[in-house]
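Asker: sharing a model that was predicted from the sequence below.
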Amino acid sequence: MSKARMRPSLASLMAGLAVAGWMAVRSFPLQTAPQDVKDAPGVTVQQDPSKLLHRAPVRYPADAAHKGIQGAVLVEATLDPNGEVTDAQIISGPQELRRAALESVLQWHYNKELGLPPRVQVAIDFVLPKQGAPDGVLLGQGMKMGPGGPPQQMATVKSIETGSLPSTLKDRVASRLQVHVGDQLTASSVNDLMAAATEIDSHLNVTIRMSPDRNGSVVQVSLNAAGPASTPSRIRVGGNVAAVSLISKMQPVYPQLAKQARVQGSVHFTAIIGKDGHVQDLQLIGGHPLLVQAAQDAVKQWVYKPTLLNGELVEVVTQIDVNFTLSDEPPPPPPPPGNL
């Protein structure tokens with residue numbers, strides 16, 4: 001075969017291999033393992049990644065980093081039957097690092113197939129990199145640069161990012177923020193930058209981080225992302241999870257008419273359990289009419305252990321099932337007919 005004819009053949013072969021490779025990736029997509037989560041520099045999660053389906057990354061709080069605060073935070077997470085974390089509480093660790101640990105753990109999802117206990121503990125280590133603050137955030141909105149200014153390796157502005165801003169706001173930032181690529185950052189210029197951003201729009205956030213080549217700074221101006229959600233006043237949990245917290249249970253009285261008619265089965269409610277653990281509201285989902293009233297009268301007297309989320313009392317929405325099962329005893333005889 002001549003070289004002229006060989007070249008098209010090789011090209012066709014390479015194209016075929018490329019298509020085959022693409023098809024293989026499409027047919028067998030790679031799954032991202034939990035250990036691929038990129039935590040902030042200096043953060044190490046002491047948790048067997050095989051137990052997790054997925055988890056949120058852990059950030060290193062900027063204020064804690066600049067104060068030189070480090071240490072280990074021990075968190076106890078409560079799991080529902082599906083393996084999702086429904087609550088978490090701090091057992092120990094520096095106060096300034098606790099919120100970052102909680103924000104992450106509350107978004108974790110464990111593998112229920114492993115038969116994990118309803119509560120698991122995880123340690124999260126926060127250790128400052130040798131250079132001090134993590135590479136991620138040097139300064140954020142509302143913080144002030146000390147008299148020393150940024151580290152020398154971060155003094156030069158390498159790039160300015162405003163791409164996430166709306167076009168109208170981007171123009172205002174470009175015209176009013178007196179910072180340009182190549183400028184040398186000082187304590188005074190950084191503080192002026194923060195103040196100018198606030199004057200333009202109180203929702204603007206300025207972040208300064210080390211550039212990818214570690215030889216300068218990236219100045220990013222963006223709208224404030226929604227901060228960590230405040231603790232909700234009401235959460236939903238599964239019926240099995242709520243049942244564990246039941247501390248006082250009134251047994252329903254089996255209605256006489258239901259016994260005579262050999263009616264048995266379950267009555268299902270959606271319940272709101274108040275912050276004090278008492279049942280506040282019941283909504284019927286389903287059940288035999290002869291059993292509903294007896295079930296409702298009993299459940300209204302049930303008391304649960306109050307539920308804490310992030311250390312705050314919350315209401316709980318859950319499903320309650322009340323089962324009525326007849327024994328093998330014969331039904332009582334009907335009352336004699338009255339005299340006419």
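Answerer: That came in fine, so what should we check first?
Asker: now do stretch 106-119: distance to the chain's middle.
Answerer: Remark: stretch 106-119 is offset 14 Å from the chain centroid, using C-alpha atoms, centre = their mean, to the nearest Å.
Asker: which outside residues touch that stretch?
Answerer: 50-56, 76-79, 81-85, 87-88, 120, 241, 244, 310 (C-beta atoms under 8 Å, 6 or more residues apart in numbering). C-betas here are computed from N, CA, C, even on glycine.
Asker: buried residues of that stretch, list them for me.
Answerer: 106, 108, 109, 110 (16 or more other C-beta atoms under 10 Å).
Asker: could you do stretch 209-228 as well?
Answerer: Applying 16+ other C-beta under 10 Å to stretch 209-228 flags 209, 210, 211, 216, 217, 218, 219, 220, 221, 222 as buried.
Asker: in those, find the pair that's most separated.
Answerer: 216 and 222 (19.2 Å; C-beta to C-beta).
Asker: show me what contacts the closest residue to residue 277 other than its chain neighbours?
Answerer: What sits nearest to residue 277 in space, not counting adjacent residues and going by C-beta to C-beta, 6 or more residues apart in numbering, is residue 304, at 4.3 Å. Counting by C-beta under 8 Å, 6+ apart, residue 304 makes contact with 242, 245, 246, 247, 273, 277, 278, 279, 316.
Asker: show me where the chain has helices.
Answerer: Ranges of helices in the chain, per DSSP state H, are 3-27, 62-66, 95-105, 167-176, 187-200, 239-244, 256-260, 289-299.
Asker: would you list those in a markdown table and tack on distance to residue 114 and mean neighbour count?
Answerer: What follows is these, written out as a markdown table (distance: least, C-beta to C-beta, whole Å; neighbours: other C-beta atoms under 10 Å):
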| stretch | distance to residue 114 | mean neighbour count |
| --- | --- | --- |
| helix 3-27 | 28 | 9 |
| helix 62-66 | 33 | 19 |
| helix 95-105 | 18 | 20 |
| helix 167-176 | 48 | 12 |
| helix 187-200 | 47 | 16 |
| helix 239-244 | 17 | 16 |
| helix 256-260 | 42 | 14 |
| helix 289-299 | 33 | 17 |
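Asker: format these as TSV; extra columns: distance to residue 125 and mean pLDDT.
Answerer: Below are the helices of the chain laid out as TSV (distance: least, C-beta to C-beta, whole Å; pLDDT from 0 to 100):
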stretch	distance to residue 125	mean pLDDT
helix 3-27	35	44
helix 62-66	13	79
helix 95-105	10	89
helix 167-176	38	81
helix 187-200	30	78
helix 239-244	30	84
helix 256-260	59	93
helix 289-299	45	96
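Asker: contacts only, for the closest residue to residue 261 other than its chain neighbours.
Answerer: Closest residue to residue 261 apart from its sequence neighbours, by C-beta to C-beta, 6+ apart: residue 290 at 6.7 Å. By C-beta under 8 Å, 6+ apart, the residues touching residue 290 are 255, 257, 258, 261, 263.
Asker: repeat that for 6 Å
Answerer: Contacts here follow C-beta atoms under 6 Å, 6 or more residues apart in numbering; on that basis residue 290 touches 255, 257, 258, 263.
Asker: burial measure for the last one, as a count.
Answerer: As a burial measure, the neighbour count of residue 263 was computed by other C-beta atoms under 10 Å and equals 16.
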